[in-house]
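Q: how does the following fold in three dimensions:
(2 chains)
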Amino acid sequence: GQQVMQIPQYQHVQEGEDFTTYCNSSTTLSNIQWYKQRPGGHPVFLIQLVKSGEVKKQKRLTFQFGEAKKNSSLHIPATQTTDVGTYFCAGQTDKLIFGTGTRLQVFP
Amino acid sequence: GAVVSQHPSRVICKSGTSVKIECRSLDFQATTMFWYRQFPKKSLMLMATSNEGSKATYEQGVEKDKFLINHASLTLSTLTVTSAHPEDSSFYICSARQGRDQPQHFGDGTRLSIL
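A: Sure, this is the predicted structure:
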């Protein structure tokens, strides 16, 4: 079946360091979505990418959708403690399949 | 923005009890609602897709007689965990979307603990 993998599984950074999470799907996607989940909370929709090679920015976050529409990345430069949480990509085919998630911890 | 309300937020009950969880889209009509299960520090696993007025589509490995889903209106879907056992303890989250390729909006989740 369709699988969506993310790396790394965990990332611990010092405040001010950059962070990137990578998402790979086993199948071609119609779109990819990104969500953030704070500890104890529910996933919150961040952004949706639809076009091959698309790059979108949302405040400090930069999202990219691969040319083959099978991979994506999220980059946060100069992390802040408010960036703490788990970032999930979710790949859309006939259904939305969540990636394995990357848990980001930021130390002040 | 789109709001999805899920109730209750937390349930603690005895083994053998049936538990109903409600998911409502408050300011939009949801043609499709989804039910996910999330174990601690794990990703969201899709359990079933619920379309208004029709039977839910269950993912492989999910017992439909165990997890009853009803989507009676465009704003309400319910998940009933029948005869719950400790292994059913988990975080259950619903989501709703207006149409295909629209983003899903999530409820706050229900933390279910079966003693």
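Q: so what pLDDT did the residue lying closest to A:E54 once chain neighbours are set aside get?
A: Among residues not flanking A:E54 along the chain, A:F65 sits closest, at 4.5 Å (CB to CB, 6 or more residues apart in numbering or on different chains). Where you see a C-beta, it was placed from the backbone N, CA and C, and this is true even at glycine. A:F65 carries a pLDDT value of 98.
Q: could you check how far A:T21 is from B:K41?
A: According to CB to CB, to the nearest Å, A:T21 stands 16 Å off from B:K41.
Q: so between those two, which is more surrounded?
A: Taking other CB atoms under 10 Å in any protein chain shown, A:T21 and B:K41 do not tie; A:T21 has more neighbours (24 against 11).
Q: so what does the strand or helix carrying that one touch, helix or strand wise?
A: Here A:T21 sits within strand A:19-25, counting by DSSP states H and E. Counting contacts by 3 or more CB pairs under 8 Å, 6 or more residues apart in numbering or on different chains; DSSP states H and E, strand A:19-25 packs against strand A:4-7, strand A:10-14, strand A:71-76, strand A:85-92, strand A:102-107.
Q: give the other helices and strands that the worst-scoring helix or strand of chain A on mean pLDDT contacts.
A: When the helices and strands of chain A are compared on mean pLDDT, DSSP states H and E, strand A:96-98 comes out lowest with a mean of 90. Contact here means 3+ CB pairs under 8 Å, 6+ apart; on that basis strand A:96-98 packs against strand A:85-92, strand B:44-51.
Q: distance from that strand to the middle of the chain?
A: Taking CA atoms, centre = their mean, to the nearest Å, one finds strand A:96-98 lying 12 Å from the centre of the chain it belongs to.
Q: neighbouring strands of it in the sheet, and parallel or not?
A: If you go by DSSP bridges, strand A:96-98 pairs up with strand A:85-92 (antiparallel).
Q: so which bits of chain A are right by chain B?
A: A:1, A:30-31, A:33, A:35, A:41-45, A:48, A:50, A:88, A:90, A:92, A:95-101, A:103 (CB under 8 Å from any CB of the partner chain).
Q: hmm, try it at 6 Å
A: Contact residues (CB under 6 Å from any CB of the partner chain) of chain A with chain B: A:33, A:42-43, A:45, A:48, A:98, A:100-101.
Q: okay, and which of those residues map to strands?
A: Among the residues of chain A next to chain B, the ones falling in strands (DSSP state E) are A:33, A:45, A:48, A:98.
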